[in-house]
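*Asks:* Build me a model:
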Amino acid sequence: MKKHCFDTSGISNPLETMPEDIHESAWTKIKEKISSGEIAVTREIYDEMIHIVGTVGQCIKDAESELLLEVGEGDWDYNAYTAETVRMQEAYADFIAENTGRAGTVGLNDISIIALAKTLKLPLVSMEVAVNNGTSRKRRIPDICKIEGVKHMTFSEYCRAENLKF
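*Replies:* Below you'll find the model as predicted:
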């Protein structure tokens, strides 16, 4: 059963600050979570995640069928997800980097994972920090999650929620 959606940064950023060769027990537990089927990602996010190196990256590659919710496959509501993705792309068009050329704002991949989390009614784990102060021309994952009613979590918050102690 899926429990969380992950953005690439939800794994890649903690891996940079807590390398797996130093924090072996932590990453062993995270790899168990990756393989368990509890984590959901979109095709776009999965395609980013497979560039993560080391045993964590290999675990992601090996767990493709456990992680990836593919449109048109399986027994999840991919029609609702597709509709949600299209709606969000239109609603946030003025903030999407591919549309605006602005760095430091959401991209289409970000919209896809937020739409998945909203469709599945699951928290989204990323290491992005909100930027919207009400006047910013940028939005990040936490900003859109807040607007959309999706719970946003950092990696540490995820570990606490899952009672992962290292």
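
*Asks:* buried sites along stretch 68-84?
*Replies:* 68-69, 76, 78, 81, 84 (16 or more other C-beta atoms under 10 Å). All C-beta spots, glycine's among them, are computed from the backbone N, C-alpha and C.

*Asks:* quick check, nearest of the residues you listed to Glu20?
*Replies:* Leu68 (22.0 Å; C-beta to C-beta).

*Asks:* Ramachandran coordinates for the nearest residue to the closest one once chain neighbours are set aside?
*Replies:* Leaving aside its chain neighbours, Leu68 sits nearest to Tyr46 (4.8 Å; criterion: C-beta to C-beta, 6 or more residues apart in numbering). Per-residue torsions, Tyr46: phi -60, psi -40 (degrees, to the nearest 10).

*Asks:* what about Tyr46, how many residues close to it?
*Replies:* 20 (other C-beta atoms under 10 Å).

*Asks:* circling back: which one of the buried residues of stretch 68-84 is nearest to Arg160?
*Replies:* Using C-beta to C-beta, Leu69 is the member of the buried residues of stretch 68-84 that sits closest to Arg160, with 24.9 Å.

*Asks:* returning to what we had before: now the buried residues of stretch 68-84 in TSV, with distance to Glu148 and pLDDT?
*Replies:* Formatted as TSV, the buried residues of stretch 68-84 follow (distance: C-beta to C-beta, whole Å; pLDDT from 0 to 100):
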residue	distance to Glu148	pLDDT
Leu68	22	97
Leu69	18	97
Trp76	18	96
Tyr78	18	97
Tyr81	13	98
Glu84	9	98
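
*Asks:* so where do the strands sit in this structure?
*Replies:* Counting by DSSP state E, the chain has strands at residues 4-6, 39-40, 124-125, 152-153.

*Asks:* Could you give the average pLDDT over the second one?
*Replies:* Average pLDDT, strand 39-40: 98.

*Asks:* what's the most buried one of the strands of the chain?
*Replies:* Mean neighbour count, computed with mean count of other C-beta atoms under 10 Å, is highest for strand 124-125 among those, reaching a mean of 28.

*Asks:* Looks like the residue nearest to Leu68 contacts Glu64 (just checking).
*Replies:* Yes. Tyr46 is within contact range of Glu64, at 6.8 Å (criterion: C-beta atoms under 8 Å).

*Asks:* tell me the contacts of Cys159?
*Replies:* Counting by C-beta atoms under 8 Å, 6 or more residues apart in numbering, Cys159 touches 165-166.
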